[in-house]
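Enquirer: A structural model of the following input is requested.
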Amino acid sequence: MKGRAGTTVAIATMAVLATSSHGVVFADDLSPKEIYERAAPATVKITGPKGSGSGIIYDAAKGLIVTNAHVVQGEPSLRVKVEDRAPVSARVLGIDPCEDLAVLAFSSPQPDLKELKFGKSKDVAFADNVTALGYPATFEEEGTSQKPVFTTGAVQNPDVKDAAPDPSLPRYPSTLQHSATVNPGNSGGPLLNGKAEVVGINTLGNGSAGVEGQFYAISSDHARPLIDTLAAGEKRNDPGWELSYLHDPALPDSFVAEDAPTVEKIQKRFPDVEGMIVTAVTTNSAAQKAKLEQLDVITEMKDNPVASYADVCDVLQSASPGETLPLTGIYTQDFTDETGKKIKAGETWNTDLVVDKGRQ
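Expert: Numbers count the residues shown, from 1 in each chain. The predicted structure follows:
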């Protein structure tokens, strides 16, 4: 640590200084204020027309930002705010919704950026102190000098494998469970060790009834090699659709108010159908070329039932670039097709989805 004698540091790094109410603090850990001062300038707010989240500048020279895929997926435009600076536009370089990771770049060069370094999540242990930064919703007026919000906690489990928290979310192969509070808007922000190194990318909290103080970050060791691939322009597991579990109780809330009753009626009309409902389709995407439309329900992919986003990802992640995947599902609305044929809600449809080649 700057300002200390080398001999003192060499000895102190091997000793536990204290155990706080949150977790274990080591003698060479930075103070909370030092962690914040290092991390805040590299923790950004990402905003699109549909919502907002957080991100991490990890390469200042190239203006590269890592965040969660769910923060940017389906957003027609993005703006990034670095502390007190005015928001500037950014573009997605690569995305993988099944890993819930995306890499952005500023659309124009930005001067004097700061960056955060990645630490090794394998070195994180039970009860270690960790810090989360991000831009959750606050009472502060939008457009004012909002700073990243700082919370601290302890590692509850440093190696949670294959977490499948919700049928509308992917399976997370490697996460750190911790108690540093993460709220909506924190997604994509850093989880930091005592040296202000990124050991995780904050992603979600446990929303199960009665569960409090349990949050999850994608481990840095798992994310780091994927980030390099995405920064190179890789587009993986993204046919250009947004999907949710048909019977997700929160599904109507993801639609505008006037459409929510329609979604509720669909859920009630098909109580025994297990599948994923299409909530959005991107123009010129593989999903649009397969003639998928909003409110279609996918029940099978490549002859495999799909009743969760994890099921969808199992098929996509095992597919080869250019492979054709047969899809089966049901219509949820009555309509007349382009040939004049009347289609009834509940009728089965079949189509083929061609997996993208991988580069954007």
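
Enquirer: drop to CA atoms for contacts and neighbour counts, all remaining ones
Expert: OK.

Enquirer: Return the residues in contact with the nearest residue to D100 once chain neighbours are set aside.
Expert: Nearest residue to D100, sequence neighbours excluded (CA to CA, 6 or more residues apart in numbering): A69, at 4.5 Å. With CA atoms under 8 Å, 6 or more residues apart in numbering as the criterion, the residues that contact A69 are I95, D96, P97, E99, D100, L101, A102.

Enquirer: For N186, see how far away G210 is.
Expert: 21 Å (CA to CA, to the nearest Å).

Enquirer: between the two, who's got more neighbours?
Expert: The neighbour comparison of G210 against N186 (other CA atoms under 10 Å) goes to N186, with 28 against 6.

Enquirer: Tell me if S89 really is in a helix.
Expert: No: under DSSP: H, G, I helix; E, B strand; the rest coil, S89 falls outside any helix and is assigned strand.

Enquirer: Let me know whether it touches L104 as I believe.
Expert: No: assessed by CA atoms under 8 Å, S89 is found out of contact with L104, at 10.1 Å.

Enquirer: higher neighbour count, these two?
Expert: L104 (26 against 16).

Enquirer: Now that one: which helix or strand?
Expert: L104 belongs to strand 101-106 when elements are defined using DSSP states H and E.

Enquirer: Quick check: which helices or strands does that strand pack against?
Expert: Under the contact definition 3 or more CA pairs under 8 Å, 6 or more residues apart in numbering; DSSP states H and E, strand 101-106 sits against strand 64-67, helix 69-72, strand 88-96, helix 220-231.

Enquirer: do that again at 10 Å, thanks
Expert: Counting contacts by 3 or more CA pairs under 10 Å, 6 or more residues apart in numbering; DSSP states H and E, strand 101-106 packs against strand 51-59, strand 64-67, helix 69-72, strand 78-82, strand 88-96, helix 220-231.

Enquirer: tell me the angle the fourth one makes with strand 101-106.
Expert: Same thing as strand 78-82. Put simply, strand 78-82 runs at 80 degrees to strand 101-106, going by axes from the mean of the first three to the mean of the last three CA atoms, to 10 degrees.

Enquirer: Contacts for strand 78-82 next, please.
Expert: 40-55, 57, 65, 71-72, 86-92, 104-107, 113-114, 143, 146-148 (CA atoms under 10 Å, 6 or more residues apart in numbering).

Enquirer: And the average pLDDT for that strand is what?
Expert: Strand 78-82 carries an average pLDDT of 97.

Enquirer: Under the pLDDT cut-off, which ranges of the stretch 201-350 of the chain? List them.
Expert: The stretch 201-350 of the chain contains residues with pLDDT under 70 at 209.

Enquirer: give me that answer again for 80
Expert: Applying pLDDT under 80 to the stretch 201-350 of the chain flags the ranges 208-210.

Enquirer: show me where it has strands.
Expert: Applying DSSP state E, counting those that start in this stretch to the stretch 201-350 of the chain gives strands spanning 215-219, 241-245, 276-281, 297-301, 304-305, 324-330, 335-336, 342-343, 348-354.

Enquirer: will you turn these into CSV that also has distance to D123?
Expert: Output for these, formatted as CSV (distance: least, CA to CA, whole Å):
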stretch, distance to D123
strand 215-219, 11
strand 241-245, 35
strand 276-281, 38
strand 297-301, 39
strand 304-305, 38
strand 324-330, 40
strand 335-336, 57
strand 342-343, 57
strand 348-354, 41
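
Enquirer: deepest of those strands, which one?
Expert: Each of those was assessed for mean neighbour count using mean count of other CA atoms under 10 Å. The highest is strand 215-219, with a mean of 27.

Enquirer: That one - contacts with which helices or strands?
Expert: Looks like strand 215-219 contacts strand 149-163, strand 172-178, strand 190-192, strand 198-205 (3+ CA pairs under 10 Å, 6+ apart).

Enquirer: so which of the ones you listed comes closest to A260?
Expert: strand 198-205 (24.1 Å; CA to CA).

Enquirer: anything in contact with each of S89 and L104?
Expert: Contacts common to S89 and L104, judged by CA under 10 Å, 6+ apart, are I46, L78, V80.

Enquirer: Can you tell me which of these is nearest G340?
Expert: L78 (39.8 Å).

Enquirer: Thank you kindly, that will do.
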